[in-house]
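Enquirer: Task: produce atomic coordinates for the following.
(one chain, ligands or ions: 2)
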Amino acid sequence: AGGTGRAGDMTGRHVVVSAGGTREPIDPVRFLGNRSSGRQGYALAATAAARGARVTLVAANTSLPDPAGVTVVPVGTALQLREAVLKAAADADAVVMAAAVADFRPARYAEGKIKKRNGEEPAPIALVRNPDVLAELSADRPRPGQLVVGFAAETDQVLANGRAKLARKGCDLLVVNEVGADKTFGSTDNEAIVLAADGTEVPVSHGPKEKLADTVWDLVVQRWSLPPA
Ligand code: CTP
Ligand code: CA
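Expert: Ligands and ions are numbered 1, 2, ... in the order given. Here you go, the predicted structure:
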């Protein structure tokens with residue numbers, strides 16, 4: 001958790017963290033999902049609580065123990081996550097979107113289990129777009145001066161894609177994780193780079209998720225201009 005010099009530096013603040021991965025139901029027994037475990041979001045929640053913040057953790061389909069002193073709000077779908085995040089964000093000093101939110105959901109939910117039919121090919125599953133919670137929060141801050149942080153995983157042209165995504169989303173910070181074989185960060189063992197809207201770039205070398213979490217909160221604490229809620 002919080003290292004030397006960080007103890008209590010988030011006292012009086014309320015932060016909202018989303019974690020895990022949404023599941024979009026197809027029928028009563030099936031869903032479209034992703035492989036996000038929620039560990040990075042849980043590390044962000046635990047470190048913020050250790051540094052004195054009040055923390056609301058909106059957890060999508062995780063199976064991790066509740067971090068000490070954190071209010072956990074379980075959700076399933078992207079639409080449920082949006083409702084829970086926007087509600088908690090009303091009085092928040094910062095919102096960190098670490099969750100993997102499904103970009104699409106099935107256009108129709110089958111009330112009964114979809115069955116095979118003799119010799120017939122399956123019907124395609126039509127998809128519709130989910131709302132972009134990060135872009136929405138960034139454009140329409142529920143609290144003026146509230147800081148908004150996004151996460152992105154990129155496989156190539158990490159910096160260029162990350163910069164473009166930061167601008168497109170309109171958030172204050174974007175944590176870009178380098179994934180896949182094409183290592184373009186230049187430096188040796190960077191695992192992530194935090195891009196700020198003010199042009200700052202902070203590389204974070206490979207290490208525990210708590211280390212990346214503390215770096216994110218350091219950058220948030222430095223940028224808070226509003227008084228605690
Ligand atoms: N995000 C969100 N709502 C969505 C999709 C994504 O709030 N419907 C947030 C994620 O929580 C993350 C950030 O947006 O913090 C970036 O997600 P990512 O999937 O990298 O961005 P996309 O704009 O969906 O781009 P891509 O087409 O690369 O998936
Ligand atoms: Ca996406």
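
Enquirer: Please name the residues that touch the spatially most central residue of the chain.
Expert: The centroid of the chain falls nearest to Ala98 when counting by Cα atoms, centre = their mean (1.6 Å). Neighbouring residues of Ala98 by Cβ atoms under 8 Å, 6 or more residues apart in numbering: 17-19, 38, 40-41, 44, 151. All C-beta spots, glycine's among them, are computed from the backbone N, C-alpha and C.

Enquirer: does Gln40 sit in a helix or strand, and which one?
Expert: Assigned by DSSP states H and E, Gln40 falls within helix 39-50.

Enquirer: Which elements pack onto the helix or strand following that helix?
Expert: Beyond helix 39-50 in the direction of the C-terminus, DSSP H and E gives the next helix or strand as strand 54-60. Counting contacts by 3 or more Cβ pairs under 8 Å, 6 or more residues apart in numbering; DSSP states H and E, strand 54-60 is packed against strand 14-20, helix 39-50, strand 71-75, helix 78-89.

Enquirer: got the contact list for the closest residue to the residue nearest to the centre of the chain other than its chain neighbours?
Expert: Nearest residue to Ala98 in three dimensions, chain neighbours excluded: Gly41, at 3.7 Å (Cβ to Cβ, 6 or more residues apart in numbering). Gly41 makes contact with 17-20, 57, 59, 62, 96, 98-99 under the criterion Cβ under 8 Å, 6+ apart.

Enquirer: With Gly33 instead?
Expert: 21-24, 61, 102.

Enquirer: Of those - the most surrounded one?
Expert: Thr22 (28 neighbours; other Cβ atoms under 10 Å).

Enquirer: quick one: it and Gly76 touch, right?
Expert: Yes. Thr22 lies in contact with Gly76 (Cβ atoms under 8 Å); the separation is 7.0 Å.
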